[in-house]
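quick check, what structure comes out for this input:
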Amino acid sequence: TTITVDGHPGGHWEGKRIAITPSSSDWEATDITTVVLVDGAVLTLDTPLQHDHIGQTVSIGGKEVDARALAGALGRNIVIEGVHSGDNKWNGAILVGDYFDDETKEVR
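Next comes the predicted model:
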């Protein structure tokens with residue numbers, strides 16, 4: 001299975017476990033996999049994706065919406081940064097959780 005990312009991710013992605021976010025309203029449609037090869041913007045993954053991930057913008061009600069899924073390396077270092085929206089206001093939302101799949105014996 002391969003995915004194409006926006007830009008050139010560099011060779012440091014090889015061997016990394018990554019999460020591919022949902023591009024739909026199904027918050028459980030995240031895929032966790034490992035990158036085995038990087039060839040330009042194409043990442044080869046060690047397992048097939050279990051969910052569909054949109055790789056484009058879509059038009060909804062006459063407005064263009066970026067519906068592309070995100071891919072992020074999973075590691076032990078996590079940085080959470082707020083976004084300053086002016087007038088001494090900060091915005092952000094964090095959802096933390098896990099799910100143990102009895103069938104596959106994996107934590108998702």
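
from now on I want contacts and neighbour counts done on CA atoms only, so please keep to that.
Fine.

in the chain, where's the longest strand?
Secondary structure of the chain per DSSP state E: the longest strand is strand 31-39.

now do the buried residues in it.
Neighbour-count burial for strand 31-39, counted by 16 or more other Cα atoms under 10 Å, picks out 31, 32, 33, 34, 35, 36, 37, 38.

can you give me the end-to-end span of stretch 25-40?
Counting by Cα to Cα, to the nearest Å, you get 30 Å between the two ends of stretch 25-40.

that one: how far from the chain's middle?
Distance of stretch 25-40 from the chain centroid (Cα atoms, centre = their mean, to the nearest Å) equals 6 Å.

quick one: mean pLDDT over that stretch.
Mean pLDDT, stretch 25-40: 89.

which residues are contacting that stretch?
Among residues not part of stretch 25-40, those counted as contacts by Cα atoms under 8 Å, 6 or more residues apart in numbering are 8-11, 13-22, 43-47, 49-51, 108.

in what helix or strand does residue 43 lie?
Under the criterion of DSSP states H and E, residue 43 resides in strand 42-45.

before we move on, the earlier item: which PyMOL command selects the buried ones in the contacts of stretch 25-40?
Those of the contacts of stretch 25-40 that meet the burial criterion (16+ other Cα under 10 Å) are gathered into one PyMOL selection, given here:
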select buried, resi 13+14+16+17+18+19+20+21+22+43+44+45+49+51
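
ranges for the strands of the protein?
For the chain, the strands defined by DSSP E occupy 2-4, 17-20, 31-39, 42-45, 57-60, 63-66, 71-73, 83-84, 90-91, 100-101, 106-107.

I'd assumed residue 4 was in contact with residue 43.
Yes - contact status for residue 43 versus residue 4: in contact at 6.3 Å, counting by Cα atoms under 8 Å.

one step back: list the helices and strands the strand holding residue 43 packs on?
If you count contacts as 3 or more Cα pairs under 8 Å, 6 or more residues apart in numbering; DSSP states H and E, strand 42-45 packs onto strand 2-4, strand 31-39.

tell me what residue 35 is bridged to.
The partner list for residue 35 in beta bridges (DSSP bridges) reads residue 45.

then residue 65?
According to DSSP bridges, the residues that bridge with residue 65 are residue 58.
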